[in-house]
Every structure is written in C-alpha cells, then in structure tokens.
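Undergrad: pasted the sequence and its predicted model underneath.
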Amino acid sequence: MTFQPLLSPVVLGLFLVVGLALVTWAFVRGRRSTRGSRGLLTLLRRGGMVLLLGLAFSGPAIAVEQEDVVSNVEIIFAVDRTGSMAAEDGPDGAPRLEAVRRDIRTLVEASSSARFAVVTWDSSTRVELPVTTDSSAVVNFADNLHQEVSEFSTGSSLERPTAVVHDLLQGAAEARPQNLRYLVVFSDGEATDGMMPSETSEAGAWSEVFDLVDGGAVLGYGTAEGGPMRIYGVGGTGATDEYMTDDGGQTAISSIDEASLQTLASELGMPLLLNPTEVQLQALGGEFMDGANTVIEGRPTVFTYSYLTWIPALGLALLVCWEIVVFTRAAVRLRRTRAL
C-alpha cells in the first residue's frame, strides 16, 4: 500500500495538530463536570474522528498496473481554420468552427484507442499534433480551436495542406507500416486566396495522399445561403463584435463550396458528409475501428492508483453516528432537567 495525499503534507499535519489539540482542550475543560470513564470515551471517540479523517486525507491507495491500450488505427484530422470557417450559418447562428469542435470530440470518443494527428491550415499549414496516443490532447486542441487572426490572413485554398498532410502520412507509414491510416478533412471548401471555385481543387492535388490512406471522409460545413464572419482580433482578443466586409464595404457573406468539397472527396475516394450529425460521426468512428487489430505489443505499463479512502471513511461514519447518539441523549437529559 502507498499514500497519495489529497492535501499537502503541511496542511495535513496542521489539521492533525490543531484537531487533536482542540479535542484535548475540550477534554481537560470538561473533566470536572464529566465522570472519568465518560470523559475518556469522549476523548477517544473525538480523537479517533480526527485521526480517521486525517488518514482519509492522506490518500491510502494501492498501485494498479494498467496496460496503455492502443490499436493499429491512425486518424489524421486536417482542419480548415480560415476566416470563412467562422461564418455564422450554423444552428442559431453558431459559427462553423463550433460544429468542428463538437465533431472532433465525437470522433475521438468513437475511436478512443486510435492514434491521432492534427494538421491545420489557413494562410499557412501547421502540424498541431504529431501522431500521438493521447486522445485528451486532441480534445484539448478541439476545445481551443479558433479561426486565424483576421489581420494576418492572406487567403487559402483546399490545396494548401496537401504537402504537409502527405509528409505526415508518409512518415507514419514508414514508422508503422502495419497500421491502418484514415484521413478526415474539415472544411467549407471556400477559396479565400483569390482563386475561382473551380480552381480550388485541381485534379491530382491530393492524388499522392490517396495512396497513403485506407479511407476517411470529407466533412463539409456551412450552407448555400451562407453567413457573416466576425473579425478575430490580434493579441488574444478573440472574436470581436465587428464583421468582415467585402470590397464594397458591405458585410461579407461566406457560403459553402459544395462542388470543391465533392471534387476533393472524389479525388480521395472518400464520402462527403455535409454538416454531419452525431450519429453519422459515431458510425464513421466505428468504421475506422472495425479494421483495428489487437492491441499493439510492447507498450509501456501505466501505473494508476486505486484509493482506499472508503475504509477510514467508514470508520469515521461509525464514530459520527456514536457522537450523534451521545449528543441526542445529553440533549434529552438537559431538556428533562429544565422541565423539572
């Protein structure tokens, strides 16, 4: 058995010293009016309550070996975080990125034993997370996902992340050739670099990526009617109350480019899911895990702790019940004395 304190040693020690001191002081003060045996029992009972509570706070526990479970599935998320992904054409005017955050969490939950990697693109492309088994890191990424800073935007297109995604997949294939790899692209398909919509996904731009994956999906966000986009301020100020404007000074409206998304999906040989539902994403995660093999061997052992605080807590509960009984009897006696 070991101890994993719930309080710092200093605070725990101070609690015990002060608690036992108060119990002793109460015993010394009341011994003149209390018969010896009864007073001693009170001292032992209340002192035991302090000690048992201190023992519970000290965190008695037993170490438990837990295998770090991971399958042979790798899922790469390629996430569009250009300004258009902040368009407010979701339910109740929610921005598209809010749906992306939710969908990433859903996919991670549906395939929690997979390895994950995250690539984002806007005016540039970055590997936010290399291939990792830490699904909590992916969820944390989703929780903090936001559009690019508007002042620094120079436009983007669906072709921008291809080189980085390709290199990431190729490196993973060389390191773990036995694994299955899936790609999920999150985007509205809209080009913001001055290219015409028909140019946003040139034939063959993703062809080399196609050879490195075993499947996946293109997830499209937005509506044909579109929505306005808030300006995201520099310096961590976040989304402002101002909306982006077009060359004519009018509020700019971003609409989903379904044609470009369909071209990308066809090029990758994957289905296109527009504004996917939770049920669709859970099914997609299930499909990824259907091809998983047994747990990969040679993973390090993870040690967790199973707390035994319930044992001193049970003893404390019994002493508290005893204290209540004693207090109730004393109160009844006092009431009868006053009645007489």
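TA: Looks like it came in fine.
Undergrad: measure the residue nearest the centre of the chain to residue 103 for me?
TA: Taking C-alpha atoms, centre = their mean, the centroid of the chain lies closest to residue 139, which sits 3.6 Å from it. Separation of residue 139 from residue 103 (C-beta to C-beta, to the nearest Å): 12 Å. Where you see a C-beta, it was placed from the backbone N, CA and C, and this is true even at glycine.
Undergrad: low-confidence ranges in the stretch 151-300 of the chain?
TA: Where the stretch 151-300 of the chain drops to pLDDT under 70, the residues are 151-155, 192-205, 234-238, 293-300.
Undergrad: just the helices in it please.
TA: Assigned by DSSP state H, counting those that start in this stretch, the helices in the stretch 151-300 of the chain fall at 162-175, 207-210, 258-268, 278-290.
Undergrad: of all those helices, which one is nearest residue 21?
TA: helix 278-290 (56.8 Å; C-beta to C-beta).
Undergrad: in that closest one, which residues are buried?
TA: 280-282, 284-285, 287-289 (16 or more other C-beta atoms under 10 Å).
Undergrad: who are the packing partners of it?
TA: strand 73-80, helix 96-110, strand 180-187, strand 215-220 (3 or more C-beta pairs under 8 Å, 6 or more residues apart in numbering; DSSP states H and E).
Undergrad: got the angle between it and strand 73-80?
TA: Angle between the axes of helix 278-290 and strand 73-80 is 140 degrees (criterion: axes from the mean of the first three to the mean of the last three C-alpha atoms, to 10 degrees).
Undergrad: how about helix 278-290 as PDB, C-alpha atoms only?
TA: What follows is helix 278-290 as a C-alpha-only set of coordinates in PDB (Å, rounded to 0.1, in the frame of the first residue of the first chain):
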ATOM      1  CA  GLU A 278     -23.500  13.000 -34.200                       C
ATOM      2  CA  VAL A 279     -25.000   9.600 -35.300                       C
ATOM      3  CA  GLN A 280     -23.100   9.800 -38.700                       C
ATOM      4  CA  LEU A 281     -19.800  10.600 -36.900                       C
ATOM      5  CA  GLN A 282     -20.200   7.800 -34.400                       C
ATOM      6  CA  ALA A 283     -20.800   5.400 -37.300                       C
ATOM      7  CA  LEU A 284     -17.700   6.800 -39.100                       C
ATOM      8  CA  GLY A 285     -15.600   6.300 -36.000                       C
ATOM      9  CA  GLY A 286     -17.000   2.800 -35.700                       C
ATOM     10  CA  GLU A 287     -16.000   2.100 -39.300                       C
ATOM     11  CA  PHE A 288     -12.400   3.200 -38.600                       C
ATOM     12  CA  MET A 289     -12.200   0.900 -35.600                       C
ATOM     13  CA  ASP A 290     -13.800  -2.100 -37.400                       C
END
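Undergrad: report the contact partners of residue 228.
TA: 87-88, 243-244, 251-254 (C-beta atoms under 8 Å, 6 or more residues apart in numbering).
Undergrad: and those, which are buried?
TA: Looks like the contacts of residue 228 have 87-88, 243-244, 252-254 buried, using 16+ other C-beta under 10 Å.
Undergrad: adding distance to residue 214, write those residues out as a markdown table.
TA: What follows is those, written out as a markdown table (distance: C-beta to C-beta, whole Å):
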| residue | distance to residue 214 |
| --- | --- |
| 87 | 32 |
| 88 | 36 |
| 243 | 41 |
| 244 | 39 |
| 252 | 39 |
| 253 | 38 |
| 254 | 32 |
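Undergrad: which residues does residue 78 bridge with?
TA: Judged by DSSP bridges, the bridge partners of residue 78 are residue 119, residue 185.
Undergrad: any idea how far residue 17 is from it?
TA: Applying C-beta to C-beta to residue 78 and residue 17 gives a distance of 58 Å.
Undergrad: more neighbours: which of the two?
TA: Using other C-beta atoms under 10 Å as the criterion, residue 78 and residue 17 rank with residue 78 on top: 24 against 12.
Undergrad: for the more buried one, what are its contacts?
TA: 119-121, 161, 165, 183-187.
Undergrad: now with 10 Å?
TA: 117-121, 125, 158, 161-162, 164-165, 168, 183-187, 209, 216, 218 (C-beta atoms under 10 Å, 6 or more residues apart in numbering).
Undergrad: same deal with residue 289?
TA: 71, 73, 75, 110-114, 180, 182.
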